[in-house]
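Visitor: mind looking at a prediction? Sequence and model below.
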Amino acid sequence: MIICNNICKAYEHGPIKKQVLKNVNLTVEPGERVALLGRNGAGKSTLIKLIGGVEIPTSGKIARHMTVSWPLGFSGGFQGSLTGYDNARFIARIYNRDYAEIKSFVEDFTELGKQLKSPVKTYSSGMRARLAFALSLAIEFDCYLIDEIILVGDQNFHRKCHYELFEKRSDRAMILASHSNEFVQAHCNKAMIIHNGQASEYEDVNQAVEMYNGL
Amino acid sequence: MRQGSFRRLREGWQVQGRVIHALIIRELNTRFGRENIGFLWIMVEPLLFACLVAFGWRLIKGPSEHGMSIIAFVVSGYIPITLFRHIVSRSTAVFSANGSLLYHRQIKITDFLVARFLIEMLGGLMAYLFIACILMAFDEFPVPADMGMFIAGWTLYALFSFSLGLVIAPLSEMSEIIEKFIPVTTYLMIPVSGLFGMAAWLAPDMRRYYLWSPFVNGMEMMRKGIWGDEITVYYNIWNPIGCTLVISAIGLFLCRRVRRTMSVD
C-alpha cells in the first residue's frame, strides 16, 4: 500500500514560486491501477516523482508499504555516457540482483543486439524506452510508476509491454500518467484528475475521462 | 525492538555499501574508460605535478633544505594538496551532475561525495607510493620511519578535505556565485596547507597561529612519519579531528536542505 498524505510541492526559481500540488491525498492498494489525468504541466510527472522518492515534497508525507519502481520515463534512471550493458550492470549492483539474469532479460526484451554496447546517449527515444522498461521489469516491484512512456515505440514493443505489464504482472499495482483515453479506460480501475494543483479521485474511470475531456 | 532497529541499521549500511561500490565503478568507467591504462590515469596528474615542481625546486634551491632532500620535501607537500584540490573540484556541482541517478531511491546524495572521495584518496595514495618507490631507488626519498604515523596524518588530512567537500557541494548548488569563487579559495588556502614549510621553521608565536590550520597538523604528522627523528614537528591530532566533525555536521545539514528542494529531471 502507498499512502500519500496531504502532499504539497512548490518550486522556487529565484523570486518566482510555483505551487504545483496542493494537499494531494492518494492511497494505492496492492494490485490497483491508477491513471493520472491532467493537462501538460498539471503536475502528473511531479506526483510520480514524489511517489518514487526522486523529489521530496515541500510538506506532507508519503508512506510506502510495498516496493515501488523508479519512475519510468525517457530520461532518468540511467547514465547517457555509459553503454546499455554498463547501465544494466549498475542496476544489478545497486538492487543486489544477479547480473547474468538481468543481462539476458534485457537482451531478450529490448532486441537491441549490438547497440547495447554503445552509449545510451546515442539511442533514439524509442530505444531508450525499451531499455528503461527492460531494466525495471528485470527487477520485480509491487508497484510500477509509468510516465507516458508506453505510447512511444512500435507495435512490437507495445505488444511486449502489454504482455509483461498487464498479463504477466496483472497482480501488481501501477500508477501511470497518460493522455490516451482509450488506454486509461482499458487498463485502469481508478483515476485521478490533477487540475490547478488540486487532485480529485474517481472510482469510475469512464466518468473521470469524461470530466477530463470537459476541462 | 532494539535488535530490530540494529538489524535495520546494518541492512541500511549494506545497501549504502553496495551503492557506493557501484558508483565508484561507474565513475571510473565514465572518467577513465577502459582503453590503455584505464583507471591508472588517476595517478598521472599528481605524479606529473609533484615531479615537475620538485625538479624545479631542486634546480633553484639545491639538493636539500633543513636536512631534508628537497625533492622528497616538495613531493610530500604537493601530493596531499592535489588530493585536497581534487576533492574540492569534484565536489562542486556533483549533485546536479549525477541528478539522473537519484531516480533510484537507495542512492543518497552523500553517496556521490563518498564515492568520489574514495577514488581521489586511493588514487592519491597510489601516486604517492609509486613516486616514493621510484625516488627511493635514486636515494632521493627516505625509507619512511613510521608508516602508522604517516597513514594517520594522511587520513586526517583527507578526512578534513572530505568534510570541506560536504559543505562545498551543497553550497555550489545553492548559488552560482559561490560555485565560481570556489577555485579561487583553494589557492588562498595554499599558504596554510603546510606545503612550503614546517612549523619548526617559524618563530614560536607565529607557529601558534600556523598550527590552527588542520592541514598543517596533518602535514606535520605525515612528514614525521617519513623523516622520523631527523626533523622536529609540532601537531595536535584533536585539531583536525575536531574541525572535521564540526564541518561535516554543517555539511550534512546543508546537504539535507539542498536535497529537499532539488528538482531532478
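Guide: Yep, it's here. Numbering: from 1, shown residues only, chains lettered A, B, ... in the order given.
Visitor: so where do the helices sit in the stretch 101-250 of chain B?
Guide: Using DSSP state H, counting those that start in this stretch, the helices found in the stretch 101-250 of chain B span residues B:109-137, B:147-174, B:176-188, B:204-210, B:214-227, B:238-261.
Visitor: you'd agree B:Tyr235 is up against B:Glu220?
Guide: Yes: B:Tyr235 lies in contact with B:Glu220 (C-beta atoms under 8 Å); the separation is 4.2 Å. Every residue, glycine included, has its C-beta placed from N, CA and C.
Visitor: shared neighbours, these two?
Guide: Common neighbours of B:Tyr235 and B:Glu220 (criterion: C-beta atoms under 8 Å, 6 or more residues apart in numbering or on different chains): B:153, B:199.
Visitor: and chain A, which of the helices of the stretch 101-250 of chain B is closest to it?
Guide: Nearest to chain A, of all these, is helix B:238-261, at 4.8 Å by C-beta to the nearest C-beta.
Visitor: over to the residue most central in space within chain A. Which of the three states is it?
Guide: Geometric centre of chain A, nearest residue: A:Ile146, 1.9 Å, by C-alpha atoms, centre = their mean. Of the three states, A:Ile146 takes strand according to DSSP: H, G, I helix; E, B strand; the rest coil.
Visitor: show me what it bridges to in the sheet.
Guide: Note on A:Ile146: beta-bridge partners by DSSP bridges are A:Leu72, A:Leu176.
Visitor: give the contact list for it.
Guide: Taking C-beta under 8 Å, 6+ apart, we find A:Ile146 in contact with A:48, A:71-72, A:174-177.
Visitor: output those residues as JSON lines; include the columns neighbour count, pLDDT and distance to B:Ala50.
Guide: Below are the contacts of A:Ile146 laid out as JSON lines (neighbours: other C-beta atoms under 10 Å in any protein chain shown; pLDDT from 0 to 100; distance: C-beta to C-beta, whole Å):
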{"residue": "A:Ile48", "neighbour count": "23", "pLDDT": "93", "distance to B:Ala50": "50"}
{"residue": "A:Pro71", "neighbour count": "27", "pLDDT": "89", "distance to B:Ala50": "46"}
{"residue": "A:Leu72", "neighbour count": "24", "pLDDT": "84", "distance to B:Ala50": "48"}
{"residue": "A:Met174", "neighbour count": "23", "pLDDT": "92", "distance to B:Ala50": "57"}
{"residue": "A:Ile175", "neighbour count": "28", "pLDDT": "93", "distance to B:Ala50": "55"}
{"residue": "A:Leu176", "neighbour count": "23", "pLDDT": "89", "distance to B:Ala50": "56"}
{"residue": "A:Ala177", "neighbour count": "27", "pLDDT": "90", "distance to B:Ala50": "54"}
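Visitor: could you check how far the residue nearest to A:Lys18 when sequence neighbours are not counted is from A:Thr58?
Guide: Distances taken as C-beta to C-beta, 6 or more residues apart in numbering or on different chains put A:Tyr11 closest to A:Lys18, at 5.0 Å, once the chain neighbours are dropped. To A:Thr58, A:Tyr11 is 9 Å away according to C-beta to C-beta, to the nearest Å.
Visitor: SS state for B:Glu35?
Guide: When classified by three-state DSSP, B:Glu35 comes out as coil.
Visitor: circling back to that earlier point, so who does the residue nearest to A:Lys18 touch?
Guide: A:17-18, A:20, B:263.
Visitor: just the helices in chain A please.
Guide: For chain A, applying DSSP state H gives helices covering A:44-52, A:84-94, A:99-110, A:125-138, A:155-162, A:181-187, A:205-214.
Visitor: pull the first one out as PDB, backbone CA atoms only.
Guide: What follows is helix A:44-52 as a C-alpha-only set of coordinates in PDB (Å, rounded to 0.1, in the frame of the first residue of the first chain):
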ATOM      1  CA  LYS A  44       1.400  14.400 -13.100                       C
ATOM      2  CA  SER A  45       5.100  13.900 -13.500                       C
ATOM      3  CA  THR A  46       5.800  15.700 -10.300                       C
ATOM      4  CA  LEU A  47       3.400  13.500  -8.400                       C
ATOM      5  CA  ILE A  48       5.000  10.400  -9.900                       C
ATOM      6  CA  LYS A  49       8.500  11.700  -8.900                       C
ATOM      7  CA  LEU A  50       7.300  12.400  -5.400                       C
ATOM      8  CA  ILE A  51       5.800   8.900  -5.000                       C
ATOM      9  CA  GLY A  52       9.000   7.400  -6.400                       C
END
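Visitor: what lies in contact with it?
Guide: Outside helix A:44-52, the residues touching it (C-beta under 8 Å, 6+ apart) are A:2, A:4, A:7, A:9, A:20-21, A:24, A:26, A:36-38, A:55-57, A:62, A:64, A:68-71, A:73, A:145-147, A:175, A:177, A:194, A:199, B:103, B:105, B:264.
Visitor: what do you get for the fourth one?
Guide: Contact partners of helix A:125-138, identified using C-beta under 8 Å, 6+ apart, comprise A:69-70, A:72-75, A:77-78, A:84, A:87-88, A:91, A:97, A:101-102, A:105-106, A:109-112, A:115, A:120, A:123, A:144, A:149, A:152-154, A:157, A:161, A:164-165.
Visitor: which of those are buried?
Guide: By neighbour count, with 16 or more other C-beta atoms under 10 Å in any protein chain shown, the contacts of helix A:125-138 hold A:69-70, A:72-73, A:77-78, A:84, A:87-88, A:91, A:102, A:105-106, A:109-110, A:112, A:115, A:120, A:123, A:144, A:149, A:152-153, A:157, A:161, A:165 as buried.
Visitor: who's in contact with A:Asn5?
Guide: A:Asn5 makes contacts with A:25, A:60-63, as judged by C-beta under 8 Å, 6+ apart.
Visitor: nearest residue to A:Val106 in space, ignoring adjacent ones along the chain?
Guide: Excluding its sequence neighbours, the residue lying closest to A:Val106 (C-beta to C-beta, 6+ apart) is A:Ala134, at 4.5 Å.
Visitor: list the buried residues for stretch A:51-60?
Guide: Buried residues in stretch A:51-60, counted by 16+ other C-beta under 10 Å: A:51-55, A:57-58, A:60.
Visitor: try stretch A:23-32
Guide: By neighbour count with 16+ other C-beta under 10 Å, stretch A:23-32 contains the buried residues A:24, A:26, A:28, A:32.
Visitor: what's the most buried one of the helices of the stretch 101-250 of chain B?
Guide: helix B:214-227 (a mean of 25; mean count of other C-beta atoms under 10 Å in any protein chain shown).
Visitor: and that one, what does it pack against?
Guide: The elements that helix B:214-227 packs onto, with contact taken as 3 or more C-beta pairs under 8 Å, 6 or more residues apart in numbering or on different chains; DSSP states H and E, are helix B:70-91, helix B:147-174, helix B:238-261.
Visitor: let's go with 6 Å and repeat that
Guide: Judged by 3 or more C-beta pairs under 6 Å, 6 or more residues apart in numbering or on different chains; DSSP states H and E, the packing partners of helix B:214-227 are helix B:147-174, helix B:238-261.
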